[in-house]
Structure formats: structure tokens, C-alpha cells
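Trainee: show me the folded form of this:
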Amino acid sequence: MFEEVKRKFDAVNSLAEKTGVSEIIELSKFLKDRINHPDSYVTMLGETSSGKTTLLNGFLGGNYLYTSVRPSTGAIIELEHTPEEVTDQYYAILRDAKAAKLSREDFIEYSKTPRDNIKRLWMKTRST
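Mentor: A predicted model of the protein is given here:
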């Protein structure tokens, strides 16, 4: 089944590239990454201020995401925790499928108060 999904994606990707529309090409790249890494995503849902972010920080062994006694995360955040040697990277994935590199300070601010043009935030950090 996986090979069939990849084959169908290749056909769709070919069409996306032929359009020359950068937003469609970016969405296609995002989809390709999701297809190639299907087992690497965990979703956390829960009541407001129930400790989801604190739990993630604990699992990851550091203070990666902002926490507070008040509701503190108002945005969808995607974390990529990798064993590779990387410097922490912060991005905003915009509604037009483009990515904007962020400083840690902006990442934290946008996680507390999401912007209308941001679909989600993405952070890549190294496993310790």
C-alpha cells in the first residue's frame, strides 16, 4: 500500500511542479515529507491548562516550550526532536504554505498569541 501511495504522490507532485505556483509546490513538499515519515507524529490534546506543554518539556528533557500557570499555548506547535547535531530552529508555517524562520523569542510570543497568517509553529531540536 505504501508503494501505491508514493506512486500516486509522484503523479500529483509532477502536476504541482508543472503549475509553477510556489504555494502548490510548497504544499507538495510538505505532503512528501509526511508520506515519507508517517510514523513520527504524536498528537497531544487536552483541556486548557492541563499540563500538555509541561509534559512535553518533561519528555524532551528541557524547557523547550513556554509554560505558565495561566493558559500559555494558543497555537498548534509541531516539534521535531532529532538525534542529529543541530542548533535549535524555529519556524512559522504560514497559511500560504511558506515557512518563515523565527527567533526563539518570536516563536514563544507567537505560541502565546497566534497570528492570523500562521497555520502552525514548528521547532527542530536535538535529542539530549
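Trainee: which residue ranges form the helices in the protein?
Mentor: 2-19, 22-36, 52-60, 104-112 (DSSP state H).
Trainee: in TSV: these, plus mean pLDDT.
Mentor: Formatted as TSV, these follow (pLDDT from 0 to 100):
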stretch	mean pLDDT
helix 2-19	85
helix 22-36	81
helix 52-60	84
helix 104-112	91
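Trainee: which one of those helices lies nearest to Tyr91?
Mentor: helix 104-112 (8.1 Å; CB to CB). (C-beta placed from N, C-alpha, C; glycine too.)
Trainee: longest strand in the chain, please.
Mentor: Identified as the longest strand of the chain according to DSSP state E is strand 118-126.
Trainee: which parts of that one are buried?
Mentor: Neighbour counts over strand 118-126 (16 or more other CB atoms under 10 Å) mark 118, 121-125 as buried.
Trainee: ok, now stretch 27-39?
Mentor: Quick answer for stretch 27-39 (16+ other CB under 10 Å): 28, 32.
Trainee: on that earlier part again, can I get the buried residues of strand 118-126 in JSON lines with pLDDT and distance to Val5?
Mentor: Shown next, in JSON lines, are the buried residues of strand 118-126 (pLDDT from 0 to 100; distance: CB to CB, whole Å):
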{"residue": "Ile118", "pLDDT": "91", "distance to Val5": "29"}
{"residue": "Leu121", "pLDDT": "91", "distance to Val5": "27"}
{"residue": "Trp122", "pLDDT": "88", "distance to Val5": "23"}
{"residue": "Met123", "pLDDT": "88", "distance to Val5": "27"}
{"residue": "Lys124", "pLDDT": "85", "distance to Val5": "25"}
{"residue": "Thr125", "pLDDT": "82", "distance to Val5": "29"}
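Trainee: show me what the longest strand of the chain is packed up against.
Mentor: Here strand 118-126 touches strand 77-82, strand 89-94, helix 104-112, going by 3 or more CB pairs under 8 Å, 6 or more residues apart in numbering; DSSP states H and E.
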